[in-house]
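In: Requesting a structural model of the entry that follows:
(2 chains)
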Amino acid sequence: MRILNASGCLDALAAPEVAKQLDAFVTKTVTPLPREGSAPPRIAETAHGMLNAIGLANPGRERFLAEHLPRLHDLGVPVWVSVGGFCADDYAESCSSLAGIEAIELNLSCPNVDEAADSAAEIVAVCRQATELPLYAKLSAAHPDVAEVARAVAAAGADGLSLINTLRATALDRKLRPVLARGSGGLSGPALKPVALHAVSVCHEATGLPIVGMGGIQTGQDALEFATCGATDVALGTVLFADPGAPARARAELAAACVDAGVVTPEDARSLAKSPETERKVPA
Amino acid sequence: MPSSGSPSRLRVTGTERVGPYTLLRLERGDLESGVPGQFFMLEAPGRLLPRPFSLCLAPSSELAFLVDPIGPGTEALCRLQAGDEIGVLGPLGNGYRLDVERPLLAGGGIGIAPLPYLAEQLGGSPPVVLGFRNAECAEVAALLPGADVVVDPVFVTELIEPGFDVLACGPEPMLHAVAALCPTAQLAWEAPMACGYGACYGCVVEIDSALKRLCLEGPVLDAARVRARAEAVA
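Out: Sure thing, here's the model as predicted:
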């Protein structure tokens, strides 16, 4: 089980020693044109979570490819590039411009921009034509049936799934005004974990695709729960803000959690979900 | 940079009430005290995210932070007791340049926080001017004996005379006023931060006419870098 960062939760060039703890670094989402992002305030702490409305701030594809990606390669950590856009062609053009990276994650579910008009499956299908690199589709659990979306993107050629993105949410301050300038943002942190575990479980059952599980992972035990529900890898997001040593810590905790659970590797934990004793506890 | 590992666990050595604020003293552990104006991320007990604080005092083997209880995280920090432990990351960001000829320190409210350590590091008892919204808040001026102090409705900018290299910290309207008065001033800004090391992109402010992360660019900035913003506000 690899430990990655959730897209947008780490700047590897600003904090290379954190990125070097990861099995792969996932970039902040890259869009065709530069975006300054949302006006501040952009973040708010909530009960057991936080909201962000960064708004896909990024240097744009051209500058990313020319200036950022070469420096990321210099870190010696495998790179995944998160790709975003506002129509299927945006995504496809970015995919065709990428080479020499480990995988592409298609951000099909940012809660802080208006949704692309094209469906997730349509975007995956055109990206599949544009690149031979592994394509991971990052989906939102806000869809009424995320397993149905997972089946559709699998049929369109996705190699894996990233589950889940933040959930659109609002927080008010003591004067009953929205804390975020944008009004709403994406909810992350421990509040999200039960939602993410369920999405991973049903999408694993629906597709059998490799899954990067994420959403509120704080500890190695949390990571093992994601493995039990069908995640092949995990990504750390909000926990990195409070603990830049979280990847190394979670890796050590995961090894200890496997011993406690009586499994040799995290992958073996999946069998726990199918055993007679526990099958009723994990939805499928 | 100090973000390669988990935060250091530091023991609380004591807390003191100073007016409405709390001076939180921690064992220094393996952390450097850094440059005045740099900041540390302090774990807020029971909360998901740490909170940023500039270093107030650096007595031998201790780090001390001035906390204004304005919400659940800062209130939890004020409730800490000697012997408790919290995670601390830092020093982070860019502090004040100390190579100034005629320093004048200007603080507003809780913005007094970095000035005691700044005065100590500058040496030579630099002049200090402080402004507060009321007499209770002004009690914290005791951290800087000899400072000139005013209370609302008098503004601290009325105490700033020409010819000084101003190093200031305080609320945004005060910093804009100082920038207009002293274009060469160094100003310590604040913004909500989740991480303090460039990961969350939450703390952007308009710097050099573009949204940039305050944790990496600042928190201390030359006044000229925020001039466009000051004019926009005015």
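
In: for chain B, what are the low-confidence residue spans?
Out: Applying pLDDT under 70 to chain B flags residues B:1-4, B:227-234.

In: can you give me the strands in it?
Out: Assigned strands in chain B, in chain order: B:8-18, B:21-27, B:39-42, B:51-54, B:62-67, B:85-92, B:103-108, B:128-132, B:148-151, B:165-169, B:186-188, B:204-207, B:210-213, B:220-222 (criterion: DSSP state E).

In: Remind me what the second one packs against, helices and strands.
Out: By that I understand strand B:21-27. For strand B:21-27, the packing partners by 3 or more C-beta pairs under 8 Å, 6 or more residues apart in numbering or on different chains; DSSP states H and E come out as strand B:8-18, strand B:62-67, helix B:72-78. Quick note: C-beta positions are derived from backbone N, CA and C, even for glycine.

In: again, only using 10 Å
Out: Packing contacts for strand B:21-27, counted by 3 or more C-beta pairs under 10 Å, 6 or more residues apart in numbering or on different chains; DSSP states H and E, involve strand B:8-18, strand B:39-42, strand B:62-67, helix B:72-78, strand B:85-92.

In: And the third one, by the same measure?
Out: Judged by 3+ C-beta pairs under 10 Å, 6+ apart, strand B:39-42 is in contact with strand B:8-18, strand B:21-27, strand B:51-54, strand B:62-67, helix B:72-78, strand B:85-92, helix B:214-217.

In: Now for B:Thr74: which residues touch it?
Out: By C-beta atoms under 10 Å, 6 or more residues apart in numbering or on different chains, the contact set of B:Thr74 is B:Tyr21, B:Thr22, B:Leu42, B:Ala44, B:Arg47, B:Arg51, B:Phe53, B:Val67, B:Asp68, B:Ile110.

In: follow-up on the earlier one: closest one to A:Cys87 among the strands of chain B?
Out: Evaluated over these, closeness to A:Cys87 peaks at strand B:210-213, with 25.4 Å, by C-beta to C-beta.

In: can that closest one be found next to chain A?
Out: Yes: Strand B:210-213 comes into contact with chain A (C-beta under 10 Å from any C-beta of the partner chain), by way of B:Ala210, B:Leu211, B:Lys212, B:Arg213.

In: Of the residues you listed, which is the most crowded?
Out: B:Arg213 (25 neighbours; other C-beta atoms under 10 Å in any protein chain shown).

In: residue in the stretch 151-284 of chain A nearest to chain B?
Out: A:Gly245 (3.2 Å; C-beta to the nearest C-beta).

In: and the lowest-mean-pLDDT helix or strand in chain A, what does it pack onto?
Out: Lowest by mean pLDDT, DSSP states H and E among the helices and strands of chain A is helix A:269-274, with a mean of 79. Secondary-structure packing of helix A:269-274 (3+ C-beta pairs under 10 Å, 6+ apart): helix A:193-207, helix A:220-228, helix A:246-261.

In: Buried residues of that helix, list them for me.
Out: A:Ala269, A:Arg270, A:Leu272, A:Ala273 (16 or more other C-beta atoms under 10 Å in any protein chain shown).

In: Stretch A:251-266 too?
Out: For stretch A:251-266, by 16+ other C-beta under 10 Å, it's A:Arg251, A:Glu253, A:Leu254, A:Ala257, A:Cys258, A:Ala261, A:Val263, A:Pro266.

In: Need those residues in JSON lines (columns: pLDDT).
Out: Listed next are those as JSON lines, based on pLDDT from 0 to 100:
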{"residue": "A:Arg251", "pLDDT": "98"}
{"residue": "A:Glu253", "pLDDT": "98"}
{"residue": "A:Leu254", "pLDDT": "98"}
{"residue": "A:Ala257", "pLDDT": "97"}
{"residue": "A:Cys258", "pLDDT": "97"}
{"residue": "A:Ala261", "pLDDT": "95"}
{"residue": "A:Val263", "pLDDT": "95"}
{"residue": "A:Pro266", "pLDDT": "93"}
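
In: Of those, just say which sits nearest to A:Pro210.
Out: Checking the buried residues of stretch A:251-266 against A:Pro210 with C-beta to C-beta, the nearest one is A:Pro266 at 13.1 Å.

In: so the closest one makes contact with A:Cys229?
Out: No: counting by C-beta atoms under 10 Å, A:Pro266 sits too far from A:Cys229 to count as a contact (11.2 Å).

In: Reformat the buried residues of helix A:269-274 as CSV; add distance to A:Cys9.
Out: What follows is the buried residues of helix A:269-274, written out as CSV (distance: C-beta to C-beta, whole Å):
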residue, distance to A:Cys9
A:Ala269, 24
A:Arg270, 26
A:Leu272, 28
A:Ala273, 27
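
In: need the helices for chain A, in chain order.
Out: Using DSSP state H, the helices of chain A run over A:16-19, A:61-63, A:69-74, A:88-97, A:120-130, A:146-155, A:193-207, A:220-228, A:239-242, A:246-261, A:269-274.

In: what's the average pLDDT for the third one?
Out: Averaging pLDDT along helix A:69-74 gives 98.

In: now do the second one
Out: Averaged across helix A:61-63, pLDDT comes to 98.
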